[in-house]
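Trainee: Quick check, what structure comes out for this input:
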Amino acid sequence: MSEKKTLKELLAEPQTLDDLNAPQGIVSDILFRLLFNEGNVSLARFVEMMRIPKSIIDSMLLWMQKEHLVEVSKATAELGRLGNVYSLTAAGLQRARDAFERNQYIGPVPVSIQDYQRAIELQAHHQRKVSSGEVRASLQHLVLPEGFDRRIGPAVNAGNSLFLYGPPGNGKTTIAQAIGRLIAGTDPIWLPYAITVSGYVIQLRDRLIHHQVNVERGRTADLGRLDMRWGLFERPLVTVGGELKMDALDLRYDPTAKIYESPLQLKANGGMFLIDDFGRQQISPTELLNRWIVPLESHVDYLRLHSGQTLVVPFQCLIVFSTNLDPHQLVDDAFLRRIQMKVDVKAPDDKLFYQLFTMMCKSLGIPFDKDSFMYLLQNWYRKTGRKMQAVHPRDLLRIVVALCEYEGIPPRLTPELLDEACQSYFVD
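Mentor: Numbering: from 1, shown residues only. Below is the predicted model:
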């Protein structure tokens, strides 16, 4: 049974059709559809598209020849059967049309849902933990309070959930993205290109999310000959904002292609799922709460096929919520209890604001002038009661640079330029 397999066993190169642990009909349908689309197909092309050993494909083609479904359209004597190019017979054309009626998937042969579940379980539980030094290094480009990494690192290693909240413009999204890059830089993860369940195909790989890592062709030192239906990827980072709708969290069935696209949380397995601007999505926080309250606690999710069948799939990703709204007005205590770590990303005090300002001056090539900085602090913050935001130094100084470029003078810092920048930036 797949639940008892080791990762090495899951990734071992299949030797027979049975070793694929996928319905034979799915495999033969991919063969038929590829032949229909391309007309003449070589054995090498079958291997390239289906990502299974040539010996298995050759045995299937031999059977299809005996059934008069395919014929050899071109042969290379010195290569034997390995040099053959195949095309469909009239009977094969009808079988291909029937295959397209079932679905239009052409690609790597899917792995079973059970093998996928086992692979995620093994890799989620045994991923390398990040050290305090690595967390600090990932945040070093940010100006944060002393010891801030201690509020982030444990959540990353626990791999459960993190809630970033606080006033806008203080780096919550930037912090979350730094966490995502940190996770992506840990041990890569083996993922299948597609999954099969009850005869259906679920496409898992998303090229915008899953970035492949080079592996020595077909072999690694510890794993041996590999099943090429699996790829080695950086741990995924899925980011959504206000565009998130409920259907993105469920299997999406394409009635034309008759295949499923994975929901976002399935694509994020083994990595991180960032919900930015939480509370501003096209679904309400309560709807999201009701959808995820069980997965956040049990680490499994329940998906439904259009046939009505329910699937149990892993929910093994770090979920990060980022919001500038009051958490208690967004969700109830039951939801907050299930988010283990909450981090208040506060507005900077005078000291941190000074550090941010000088850092941005250096980055933008503006000579720092302390008197101009104190003028800004006194006249645009203390007198007005305006709250400082970590993003202000960057934005104001960029306006200063733009003003200097417009005048044709080197970037500099003066009270007059800061007044003009603030008048352009702030809405009073």
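
Trainee: Not counting its neighbours along the chain, what's nearest Lys346?
Mentor: Among residues not flanking Lys346 along the chain, Gly166 sits closest, at 5.6 Å (CB to CB, 6 or more residues apart in numbering). Backbone N, C-alpha and C define where each C-beta goes, glycine included.

Trainee: from memory the one you found sits against Val345, does it?
Mentor: Yes: counting by CB atoms under 8 Å, Val345 is a contact partner of Gly166 at 3.9 Å.

Trainee: if we can go back for a sec, which residues does the residue nearest to Lys346 contact?
Mentor: Applying CB atoms under 8 Å, 6 or more residues apart in numbering, one finds that Gly166 lies in contact with Lys172, Asn324, Asp344, Val345, Lys346, Ala347.

Trainee: can I assume the second one is in contact with Gly171?
Mentor: No: counting by CB under 8 Å, Gly171 is not a contact partner of Asn324; they are 11.2 Å apart.

Trainee: Looking only at neighbour counts, state which of these two leads.
Mentor: Using other CB atoms under 10 Å, the more surrounded residue of Asn324 and Gly171 is Gly171, with 21 against 18.

Trainee: Arg95 versus the more buried one, what's the distance?
Mentor: Using CB to CB, to the nearest Å, Gly171 is found at 58 Å from Arg95.

Trainee: With adjacent residues omitted, what lies nearest to Phe368?
Mentor: Nearest non-adjacent residue to Phe368, counting by CB to CB, 6+ apart: Cys361, 4.4 Å away.

Trainee: and what of Asp349?
Mentor: With sequence-adjacent residues excluded and distances taken as CB to CB, 6+ apart, Asp349 is closest to Met388, at 7.7 Å.

Trainee: Tell me the pLDDT of that neighbour.
Mentor: Met388 is assigned 94 on the pLDDT scale.

Trainee: what number of residues lie near it?
Mentor: Met388, neighbours per other CB under 10 Å, totals 20.

Trainee: Lowest-scoring secondary structure element of the protein by mean pLDDT?
Mentor: Here the helix or strand of the chain ranked lowest by mean pLDDT, DSSP states H and E is strand 219-220, holding a mean of 56.

Trainee: Angles on the backbone of Asp332, please.
Mentor: phi -90, psi 180 (degrees, to the nearest 10).

Trainee: Tell me the spacing between it and Leu34.
Mentor: 52 Å.

Trainee: Give me the more crowded residue out of those two.
Mentor: Neighbours were counted for Asp332 and for Leu34 using other CB under 10 Å; Leu34 has more, 20 against 12.

Trainee: Surely the more buried one is in contact with Val41?
Mentor: Yes: counting by CB under 8 Å, Val41 is a contact partner of Leu34 at 5.8 Å.

Trainee: Show me the helices in the stretch 151-300 of the chain, by range?
Mentor: 172-184, 264-267, 285-298 (DSSP state H, counting those that start in this stretch).

Trainee: between those helices, which one is nearest to His210?
Mentor: helix 264-267 (7.3 Å; CB to CB).

Trainee: and stretch 269-281, how far from the chain's centre?
Mentor: Centroid separation for stretch 269-281 versus its chain: 11 Å, with CA atoms, centre = their mean, to the nearest Å.

Trainee: What residues of that stretch count as buried?
Mentor: Asn269, Gly270, Gly271, Met272, Phe273, Leu274, Ile275, Asp276, Asp277, Phe278, Gly279, Gln281 (16 or more other CB atoms under 10 Å).

Trainee: what do you get for stretch 101-113?
Mentor: So for stretch 101-113, counting by 16+ other CB under 10 Å, buried means Arg102, Asn103, Gln104, Tyr105, Ile106, Gly107, Pro108, Val109, Pro110, Val111, Ser112, Ile113.

Trainee: Over to stretch 11-18 now: how far is its first residue from its last?
Mentor: Terminal residues of stretch 11-18 lie 15 Å apart, using CA to CA, to the nearest Å.

Trainee: what's that stretch in contact with?
Mentor: In contact with stretch 11-18 (CB under 8 Å, 6+ apart) are residues 20, 24, 27, 52-53, 55-56, 59-60, 190, 218, 223-228, 230.

Trainee: longest strand anywhere in the protein?
Mentor: For the chain, the longest strand by residue count, based on DSSP state E, is strand 80-88.

Trainee: ok, residues contacting the next helix or strand after that strand?
Mentor: Proceeding N to C from strand 80-88, the next assigned helix or strand is helix 90-102, under DSSP states H and E. Helix 90-102 is contacted by residues 28-29, 32-33, 35-36, 64, 67-70, 88, 258 when judged by CB under 8 Å, 6+ apart.

Trainee: please redo it, this time with the cut-off set to 7 Å
Mentor: Residues from elsewhere that reach helix 90-102, judged by CB atoms under 7 Å, 6 or more residues apart in numbering: Asp29, Phe32, Arg33, Leu35, Phe36, His68, Leu69, Val70, Leu88, Lys258.
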